[in-house]
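I would like to see how this sequence folds:
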Amino acid sequence: MKKQIILAILLLTHSLLYAGEWVAVDGGVIEIKLNEIEIEKDLWRYINQVSNKQFESKEIYTYQYKVVTSEEMHINALCDTWGQKDLHKEFVMVFDGGACYFQIKYNLKTGEFSNLEVNGEA
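Next comes the predicted model:
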């Protein structure tokens, strides 16, 4: 019983730290081992510092990412993947939708985010 309680606490703690699904998009210049927990935590810390928009609950986002240079990774965040079956093939492009959809750049060398672009609303 004690082991089951410890396991339940560990699973709950993990889900609180890491909520979204991270999907590598084909065609990146290099493959990387992504620490999803840390990058997602840092991503939302950055967003809260630079934006006053009302974002959806982070648990519902899916993150597509692709390394475009040896130093830069692009991230595409989506609340809804619009029925796309293979998110590895290409970035899902959504027009409008507000803060449910955003794009951001991540510097692999410095660990810094930049160029947050949040979709507009129709």
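
okay, buried residues for stretch 83-95 please.
87, 92, 94 (16 or more other Cβ atoms under 10 Å). All C-beta spots, glycine's among them, are computed from the backbone N, C-alpha and C.

my read: the second one touches Asp80, true?
Think Val92. No. Val92 is not in contact with Asp80 according to Cβ atoms under 8 Å; the separation is 9.1 Å.

ok so, going back, any chance of TSV for the buried residues of stretch 83-95, columns distance to Ser57?
Output for the buried residues of stretch 83-95, formatted as TSV (distance: Cβ to Cβ, whole Å):
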residue	distance to Ser57
Leu87	20
Val92	19
Val94	18
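
now render the residues you listed as JSON lines, adding distance to Asn119 and secondary structure.
JSON lines is the format used below for those (distance: Cβ to Cβ, whole Å; DSSP: H, G, I helix; E, B strand; the rest coil):
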{"residue": "Leu87", "distance to Asn119": "18", "secondary structure": "coil"}
{"residue": "Val92", "distance to Asn119": "12", "secondary structure": "coil"}
{"residue": "Val94", "distance to Asn119": "6", "secondary structure": "coil"}
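
relative to Val25, which of those residues is nearest.
Among these, Leu87 lies closest to Val25 (Cβ to Cβ), at 7.4 Å.

picking up where we left off before, looking at the buried residues of stretch 83-95, spot the one nearest Gln64.
Distances from Gln64 to the buried residues of stretch 83-95, taken by Cβ to Cβ, are shortest for Leu87, at 5.7 Å.

mind listing what the closest one touches?
23, 25, 62, 64, 81 (Cβ atoms under 8 Å, 6 or more residues apart in numbering).

which of the residues you listed sit farthest apart?
Across those (Cβ to Cβ), the longest gap, 12.5 Å, separates Val25 and Thr81.

tell me which of the two has more neighbours.
Val25 (19 against 14; other Cβ atoms under 10 Å).

tell me the spacing between the closest residue to that one other than its chain neighbours and Leu108.
Of all residues not flanking Val25 in the chain, Lys66 sits nearest, at 4.1 Å (Cβ to Cβ, 6 or more residues apart in numbering). Going from Lys66 to Leu108 by Cβ to Cβ, to the nearest Å gives 12 Å.

perfect, I'm done here.
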